[in-house]
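**Student:** Next input, structure requested:
(2 chains)
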Amino acid sequence: MMPRLQVNLGGLSMKNPVTVASGTFGYGQEYDRYFDIGLLGAVTTKSISLHPRAGNRPPRLVETAAGMLNAIGLQNVGLEVYLSEKAPFLRERKTPIIANIYGHSPDEYATLADRLEKEGAADAIEANLSCPNVHDAKGGRGPALVAQDPQRVLLYTQAVRSATRLPLLIKLSPNVTDIREPALAAQEGGADAISLINTLMGMAIDPETRRPRLANIVGGLSGPAIRPVALKMVWDVARTVNISVLGMGGICDVGDAIQFLLAGATAVAIGSMTFRQPNVTVNIINGLSEYLDRHNINSIADVVGAVRTD
Amino acid sequence: MPFIKNCRVLVRHEVAPGHYRLGLRAPEIAREAKPGQFCMIQVAQGFHPFLRRPMSFERIFADGVSILFKVEGEGTRILADCAPDQEFSVQGPLGRGFPLDMEAERHIIVAGGIGVAPFPALAEGIIRACGRAPEVVLAARSQDLLLCDKEFQQMGCAVHLATDDGSVGDQATAVEVLERLAPASGSCIYACGPMRMLAATAALAERLDAACFVSLEAQMACGDGACLGCVVESNFENEGEQMVRVCADGPVFDAKTIHWEAHNYAADR
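**Tutor:** Numbering: from 1, shown residues only, chains lettered A, B, ... in the order given. Purely as a prediction, here's the structure:
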C-alpha cells in the first residue's frame, strides 16, 4: 500500500506533501537543530546563483500587519559553495532536494540546472523567475520580472528544460494581472510543476523619518496577510494547467495547508511561518494524517483539488 | 543548541518611563545562555504581530533569564503589558555572545540608552572569569532614563554617568566619557547603543589601539541565520561574506569587522 501522505509532484516523489519555501530555510542546517529535516517531504534551498551574491543593502526587513516585507536580493553562497559545502549535508538527510536557482539569462539557468543534476546535488529544480528584489540592470531598476512576461517565461522554461531531466518547477510571481498566462507558458515550455506564489510587492514608510523602511524602498510581502491571495491564485492555476502545483503563501497551520490542497495544490511549501515556529512543518505533517483519519480518507492525493463548489 | 520553551513571567517591573524588565522562568535556556546572546520571544498568540522579538539576556540565573527593553512598538507594548504569570514562547539562546578576554588589563563597558540591556550579564561574567569588576560608562538622555546604574555599583563596578541634558553625571556623550578614561592597548571595550555611538566608539578604540566588541541590534525574522534579513555590511571583501548576519554571526562583532561608513545613519530614529 502506498503511504497515505505520499504524493508525486511533477515526477518528484515526496513522502508527504510538505516542503519549505525557498529563502525561508537557508540550506537546511539552520533548522536541523530544531527537528530532523529529513521528516520533510522535500527541502527547498535558498536560491542558488552561478556566482555568490551579496544581496541588497540593509535594512532588508520590516514587519507589517500579519506579515513582513523583505528585500534580501538573493544573497547566496553561489553554485560552487553550494555543491561543496551545502549539498553534502542535505544529501545525508532522508529527503529529496528541490534546488531553487536564479540566473541572469536563460543560459545561466540552464548551466545551473545542468551542474546540479550532474553533481547529484538536486532531485528537482525550481527556477525562480519571480524574485521582486533584484536590480540587475546597471545603475537602475532591473527589467520587469521574467515571470511577468509569458513570452520570457516560455523561453526561460525551455532553456532549463533542455538542460535537465530532473522534475522542473517554475516559480511564478503574483505581481501580474492574470496568473494563468505565465502558468500556461511554463507548461508549454516543458515545466513539470508550477510553484506559486512568490511574494507580493509592497512598501512601508517611516512617518517620523519620512524614509522607506527598506533600503531597497520596495520589497516582497509574505506571511498570513497574503494567504487568501495565494490560495485564489493556486485555485486559478490548478484549474488551468494539467501539471502539478506546489502551493504556498502565508500557510501557518494544517488547516491552511489543507485549503491549498483542496484548491488543487499537489504539495505545499511553508515560508515565513518557519521564522516564527521553526518546527511548524512537522506539526503540519502530523496534522495532515489526523485530518485523513478524521475524514476517513485513504490518501492525501484524494484531497487535492477536492474543494466542493456545488 | 537553542530551545523553544513556554516560559512564565516571574517579574515585571517598569524600571524607567517606558522601560521594562521581565524575569522569565527558563531553566534550559538559562543553563546554555552566555552574556551577549539573545532569545526570540513570541509576543502574540494570533498572527499579529507575526514575528518573534529579539531580546538580549540582561541577567542569566540558574532557573531563568531577565530581559530589559524599551517600548518601541506593538510587540514591546504587549510584553510590557503582560499579566502576572503569563507565558511566552521563548527561543534561545541564539547568536554569538561576548568573548571574554582574560588577558585584558582593563574591561570597559559603554552603554547608550537601552543599549545597556546585555551588560549586567556581561559584567557578572567578567567578574566571575577575571575576578574584578569592569568599568562602566552609562549614557542616557536624562537622569530618569539611566538604567542599571545601581546594579553595576552593587557589583563593584566604577560607574561613569553621562546625560545629554546634564541632569546627572557629565553633560557629555558616552564616547567623550570613554575617551577621558583613556583606554589603551590592552584595554577591551564592549559597546552597545545607537549606531552613531558604536561607530564613534569603534573609531576611538582603533585610534587608541584598544580591542572593541559591539553588540548590534536589527530587525529580525528568524534569529537563526536563515532569512538573511538582519544583515549589516562588513569589511570582508569576498562577495559571499560582505553581509554579516546580526543574529547568527553576531550580535556581538569585533568592531573592526563592521563597515561603519556603509550604515545609513539618517534613517535611524
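**Student:** buried ones in the lengthiest helix in chain B?
**Tutor:** Using DSSP state H, we find that the single longest helix of chain B is helix B:195-208. Under the neighbour-count criterion of 16 or more other Cβ atoms under 10 Å in any protein chain shown, helix B:195-208 has B:195, B:197, B:198, B:199, B:200, B:201, B:202, B:204, B:205, B:208 buried. Where you see a C-beta, it was placed from the backbone N, CA and C, and this is true even at glycine.
**Student:** Which residues does it contact?
**Tutor:** With Cβ atoms under 8 Å, 6 or more residues apart in numbering or on different chains as the test, helix B:195-208 has contacts from B:110, B:112, B:115, B:139, B:173-175, B:178-179, B:182-185, B:187, B:189, B:191-192, B:210-212, B:214, B:216, B:255-256, B:258, B:260, B:263, B:265, B:268.
**Student:** Out of the residues you listed, list just those in strands.
**Tutor:** The strands, defined by DSSP state E, take in B:110, B:112, B:139, B:187, B:189, B:191, B:192, B:211, B:212, B:214 from those.
**Student:** Among the contacts of helix B:195-208, name the buried ones.
**Tutor:** For those, buried by 16+ other Cβ under 10 Å: B:110, B:112, B:115, B:139, B:173-175, B:178-179, B:183, B:187, B:189, B:191-192, B:210-212, B:214, B:216, B:255, B:258, B:260, B:263.
**Student:** can you state the direction angle for the longest helix of chain B and strand B:187-192?
**Tutor:** Angle of helix B:195-208 versus strand B:187-192, following axes from the mean of the first three to the mean of the last three Cα atoms, to 10 degrees, is 170 degrees.
**Student:** Just the mean pLDDT for helix B:195-208, thanks.
**Tutor:** For helix B:195-208, mean pLDDT is 98.
**Student:** Now narrow the contacts of helix B:195-208 to whatever sits close to chain A.
**Tutor:** residue B:268 (Cβ under 8 Å from any Cβ of the partner chain).
**Student:** count of neighbours near residue A:308?
**Tutor:** Here the number of neighbours of residue A:308 (other Cβ atoms under 10 Å in any protein chain shown) works out to 5.
**Student:** one step back: would you point out the most distant pair within the ones in strands among the contacts of helix B:195-208?
**Tutor:** Longest distance between any two of these is 20.5 Å, between B:139 and B:211; criterion Cβ to Cβ.
**Student:** For the residue in chain A sticking out farthest from the centre, which non-adjacent residue is spatially closest?
**Tutor:** What lies farthest from the middle of chain A is residue A:208; by Cα atoms, centre = their mean that is 35.2 Å. With sequence-adjacent residues excluded and distances taken as Cβ to Cβ, 6 or more residues apart in numbering or on different chains, residue A:208 is closest to residue B:269, at 6.1 Å.
**Student:** Give me the pLDDT for residue A:140.
**Tutor:** Predicted confidence (pLDDT) for residue A:140: 43.
**Student:** Could you give the average pLDDT over the host helix or strand of residue A:182?
**Tutor:** Assigned by DSSP states H and E, residue A:182 belongs to helix A:180-188. The average pLDDT within helix A:180-188 is 98.
**Student:** Give me the residues contacting it.
**Tutor:** A:129, A:147-151, A:153-154, A:157, A:170, A:172-173, A:176, A:194, A:196, A:236-237, A:240-243.
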